[in-house]
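> Show me how the following folds:
(one chain, ligands or ions: 1)
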Amino acid sequence: MLNLSTFVLRPLTAALALAAVSAVAVHAEDAKPADSALANSLNADDKTAEKDDKVLAAAAAVKDDGGKYRDKDGNPTFHVTNNGKKVDWYLYSGYRRYHAECHVCHGPDGMGSTYAPALKDSLKHLGYEEFIGILAGGKQDVSASEQKVMPAFGDNKNVMCYADDLYVYLRARAAGAWGRTRPGDKEEKPEAAKTAEKECLGG
Ligand code: HEC
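Next up is the predicted model:
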């Protein structure tokens with residue numbers, strides 16, 4: 001008989017295992033000098049972006065993993081170039097997924113609502129693993145007089161297969177690297193993203 005919990009948890013386990021592997025790979029290269037091609041070039045005139053230098057510095061990319069950018073800890077991050085006119089694939093994809101699955105509760109552009117917190121602020125302190133954990137397992141504020149529930153998306157492939165994309169978009173919002181606009185020009189969809197998407201959706 002099919003074991004439901006195995007089926008439900010498999011995509012997440014695979015994603016976490018992958019993240020762990022790439023984290024190790026990046027650590028081995030920590031000693032390399034910063035690569036200027038990885039630096040962000042933001043739109044200084046976008047007042048909706050609310051730049052946060054501390055979050056921005058922590059999110060600095062140290063590696064281009066074939067179109068997926070990684071910070072010094074190996075976690076996914078954004079890459080904004082051309083004075084804020086061009087974004088990496090994951091930021092773009094995350095923008096679209098966010099506005100399909102999350103904005104009804106968390107408000108457009110991660111701005112928050114009366115029901116759910118502003119994720120542009122949450123991602124200033126939430127780490128990658130915490131974010132993935134909440135996304136998969138949900139969260140409930142038991143102390144609140146009104147019961148407000150973050151649903152568990154662990155068995156929703158339209159969310160979990162794009163968990164990194166969502167993280168990258170919201171991290172860019174938290175850092176103020178991206179404002180309240182729809183991304184236009186973007187980097188090409190990486191081969192790795194195509195493969196991972198196919199395996200995740202089909203597995
Ligand atoms: C049905 C409404 C609803 C939907 C849809 C929803 N959330 Fe939530 N989310 C909530 C609520 C309510 C909370 C606050 C729960 C709490 O604090 O106990 C929350 C909390 C969170 C948190 C923790 C924030 C913090 O500051 O600790 C994260 C991260 C999060 N949601 C991400 C997402 C993402 C990403 C999506 C889209 C895939 C999403 N949520 C979709 C209602 C929702």
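
> Downstream of the helix-or-strand element of the chain with minimal mean pLDDT, the next helix or strand is which one?
Lowest by mean pLDDT, DSSP states H and E among the helices and strands of the chain is helix 4-27, with a mean of 51. Sequence-wise, the next helix or strand downstream of helix 4-27 (DSSP states H and E) is helix 53-58.

> For that following helix, name the packing helices and strands.
Contact here means 3 or more C-beta pairs under 8 Å, 6 or more residues apart in numbering; DSSP states H and E; on that basis helix 53-58 packs against helix 163-175. Every C-beta, even on glycine, is put in place using the N, C-alpha and C of the backbone.

> Tell me how far the helix it packs on lies from the chain's centre.
Offset of helix 163-175 from its chain centre (C-alpha atoms, centre = their mean, to the nearest Å): 3 Å.

> Would you mind writing the CA trace of that helix as CSV?
What follows is helix 163-175, C-alpha atoms only, in CSV (Å, rounded to 0.1, in the frame of the first residue of the first chain):
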residue,chain,number,x,y,z
ALA,A,163,10.1,27.1,-2.5
ASP,A,164,13.5,28.5,-3.5
ASP,A,165,11.9,30.8,-6.0
LEU,A,166,9.6,32.2,-3.3
TYR,A,167,12.5,32.5,-0.9
VAL,A,168,14.6,34.4,-3.4
TYR,A,169,11.8,36.9,-4.3
LEU,A,170,10.9,37.6,-0.7
ARG,A,171,14.5,37.9,0.3
ALA,A,172,14.9,40.5,-2.4
ARG,A,173,11.9,42.4,-1.0
ALA,A,174,13.3,42.2,2.5
ALA,A,175,16.7,43.5,1.4
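
> List of residues touching that helix?
15, 51-52, 55-56, 59, 68-69, 75-78, 80, 87-88, 90-91, 93-95, 97-98, 101-102, 109-110, 119-124, 128, 131-132, 135-136, 159, 178 (C-beta atoms under 8 Å, 6 or more residues apart in numbering).
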